[in-house]
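Participant: Sequence and predicted structure below; questions after.
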Amino acid sequence: MTTELLGERLAPSGDLPAGHAPERILGLRCRACGRAEPLGPSYVCASCFGPLEVAYDLEVVGAILSRSVIGARPAGIWRYLELLPVDAQPARGLPVGSSPLVPAARLGAAIGIDHLLIKDDSRNPTLSFKDRAVAIAVAKALDFGMEALACASTGNLAGATAAAAAVAGLPAYVFVPADLEPAKIDHALAYGATVVPIQGTYDDVNRLCLEIADERGWGFVNINLRPFYAEGSKTLAFEIAEALGWRLPDVIVAPIASGAMFTRIARGFEELVTVGLVERTPVRFVGAQAAGCGPVATAFVNGSDDIEPVRRPDTIVRSLAIGNPADGRQAVELARASGGSVEAIADEATAEAIRRAARLEGIYPETAGGVTIAAAEAARRSGVIRPGDEVVALVTGNGLKTPDAFRHGLEQRAAEPGVPGLAPAIPASYRAFEAWLDR
Amino acid sequence: MSTVRIPPVLRTSTGGQKLVEVDGGTVGAVLTTLVASHPGLEAQIFAEDGALNRFMNVFVNDTDIRHLGTLDTPVGDRDSIVLLPAMAGGCAIDAGPWQPRQ
């Protein structure tokens, strides 16, 4: 059904260039000056240097998409194909998306939130939400005939890019800060990527990769494929709305690194409203950052739209350690305009939130998920989250990626009978076990 | 003279030149001289009020000038200035369902 509809190549409308896009995808457009560009591996407006993003004809999409059309499709991000910048689902790819929206009553009670739901996006093929963004970027890289995939990563993107490249049969070059968690580097290596550690912060890595992307023409998923990459995060919004019975929650709590995912969830909700799939209801957006690298949280507190870059991030939350976030300004505007907030969370609170989610809900988040749960608690304390609110908190990565984080701030203590923890090694005899139990 | 690296998207304004050597004692002076010799770059480098375009990030010897002295950052011979896009940010979001009810 979908393929047939998408197979019809209709004449593009409006003042945008024709290219070869079907009608629902109009091309690229500059977010700042509105200048149209044909669909291609471009990310910067040649006129004003502003960022390019994908433009859709949402009237065309609205005529195709309905709740029943989506409901009849298989699980995964491609069930929302018409709201993505891809002609058809790629022939090969990882099974990304349709992660569960889990009621979290015990954790909610512990942090004072009446109706807490966790969007557990650690349940993706490489254990983080980055699989969504990469799936779209790689589909376009293949369309554009690119010979290699690459990324600048704080860790999760490294594994996602490496795995997607493996499935697509393309080489992957992954650039990471040299002090990244070893588990994340090994993850990318296992998929066969070339991992290049850079002596510097993520922002140093990102600057270098901008130059490499310019000169080498590789498909950097979060640089020259960024207009497409960013679209992948909208599928979080689509899934949340669908799982709620095609309506929007009162509050979204999500981590902010570059701010792309945070702002694209709002964009996803807006598109659902525009195409008639959900009713327009107010949603407050609460962003979560680490106190040791919180440029967006700082701008929020100062009442500023300007993001003052953080030169030397200092936090265990490496996946959010972007000192100069690309979508930071949009993120702070969204939090403010929606009546939400951006919370800065100390590392000890992040570690405590990881432990709580694991011990109360059986969900083991990486550090970004811990920051998010702690931010939900902070926003409840400040009154941004109100009694009775339905709150969706995004756990965007699995705790196995940051294996030491949950211990942060904890005193090392051996387990005793009735006290959870790591017990001392004992001989393999029942008598020895009993002796330990009875001591 | 400092060397300014021009990103590909702006090289049509420099006749395809990737590296341009420019005189000037500060980043601001270098960029002003660059724009004087390549007027096609003005709208991309400077905002209407003369400040740096908010989408333009400038690095001197690989350090963001916002961590140095912004446009007043001193530069000299053998300094390398790189112009790179900020990639995103900078303008108001569309009104959406997240707007609080009035």
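Facilitator: Nice, I can see it.
Participant: I figured A:His408 hits A:Val317, correct?
Facilitator: No: at 10.1 Å, A:His408 does not count as touching A:Val317 under the criterion of C-beta atoms under 8 Å. Glycine gets a C-beta too; all of them are placed from N, C-alpha and C.
Participant: can you tell me the helix or strand for A:Glu231?
Facilitator: Per DSSP states H and E: A:Glu231 is located in helix A:226-232.
Participant: Check residue 18 and give its pLDDT.
Facilitator: Going with chain A. On pLDDT, A:Ala18 comes in at 43.
Participant: Chain B, not that one
Facilitator: Confidence at B:Lys18, expressed as pLDDT, is 92.
Participant: nearest spatial neighbour of it, skipping sequence neighbours?
Facilitator: Nearest residue to B:Lys18 in three dimensions, chain neighbours excluded: B:Ile6, at 5.9 Å (C-beta to C-beta, 6 or more residues apart in numbering or on different chains).
Participant: show me the residues around that neighbour that make contact.
Facilitator: B:13-14, B:17-20, B:41, B:83 (C-beta atoms under 8 Å, 6 or more residues apart in numbering or on different chains).
Participant: Drop anything exposed from those.
Facilitator: Buried subset of the contacts of B:Ile6 (neighbour count, 16 or more other C-beta atoms under 10 Å in any protein chain shown): B:13-14, B:20, B:41, B:83.
Participant: so where is chain B shaky, pLDDT-wise?
Facilitator: B:87-102 (pLDDT under 70).
Participant: What ranges does it have for its helices?
Facilitator: B:27-37, B:42-45 (DSSP state H).
Participant: got a markdown table for those, with mean neighbour count and distance to A:Leu94 too?
Facilitator: As requested, these are exported to a markdown table (neighbours: other C-beta atoms under 10 Å in any protein chain shown; distance: least, C-beta to C-beta, whole Å):
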| stretch | mean neighbour count | distance to A:Leu94 |
| --- | --- | --- |
| helix B:27-37 | 19 | 44 |
| helix B:42-45 | 19 | 38 |
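Participant: on that earlier part again, could you tell me which of the contacts of B:Ile6 are located in strands?
Facilitator: B:19-20, B:83 (DSSP state E).
Participant: Pick the one among the residues you listed closest to A:Leu334.
Facilitator: Comparing the ones in strands among the contacts of B:Ile6 against A:Leu334 with C-beta to C-beta places B:Leu83 closest, at 28.2 Å.
Participant: so who does the nearest residue to B:Ala51 once chain neighbours are set aside touch?
Facilitator: Leaving aside its chain neighbours, B:Ala51 sits nearest to B:Leu71 (8.0 Å; criterion: C-beta to C-beta, 6+ apart). Contacts for B:Leu71 (C-beta under 8 Å, 6+ apart) come out as B:26-28, B:31, B:51-52, B:65.
Participant: 10 Å instead, please
Facilitator: B:26-32, B:46, B:50-52, B:58, B:65 (C-beta atoms under 10 Å, 6 or more residues apart in numbering or on different chains).
Participant: Repeat that for A:Val54.
Facilitator: Contacts for A:Val54 were tallied using C-beta under 10 Å, 6+ apart; they are A:21, A:25-29, A:39, A:83-86, A:136, A:140, A:227-228, A:230-231.
Participant: So which of these would count as near chain B as well?
Facilitator: A:227, A:230 (C-beta under 10 Å from any C-beta of the partner chain).
Participant: Buried members of the contacts of A:Val54 into ChimeraX, please.
Facilitator: For the buried members of the contacts of A:Val54, the matching ChimeraX selection, counting by 16+ other C-beta under 10 Å, is:
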select /A:21,25,26,27,28,29,39,83,84,85,86,136,140,227,228,230,231
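Participant: can you tell me which of the contacts of A:Val54 are in helices?
Facilitator: Among these, DSSP H puts A:136, A:140, A:227-228, A:230-231 in helices.
Participant: Out of those, flag the one nearest to chain B.
Facilitator: Lowest distance from chain B to the ones in helices among the contacts of A:Val54 (C-beta to the nearest C-beta) belongs to A:Ala230, with 8.0 Å.
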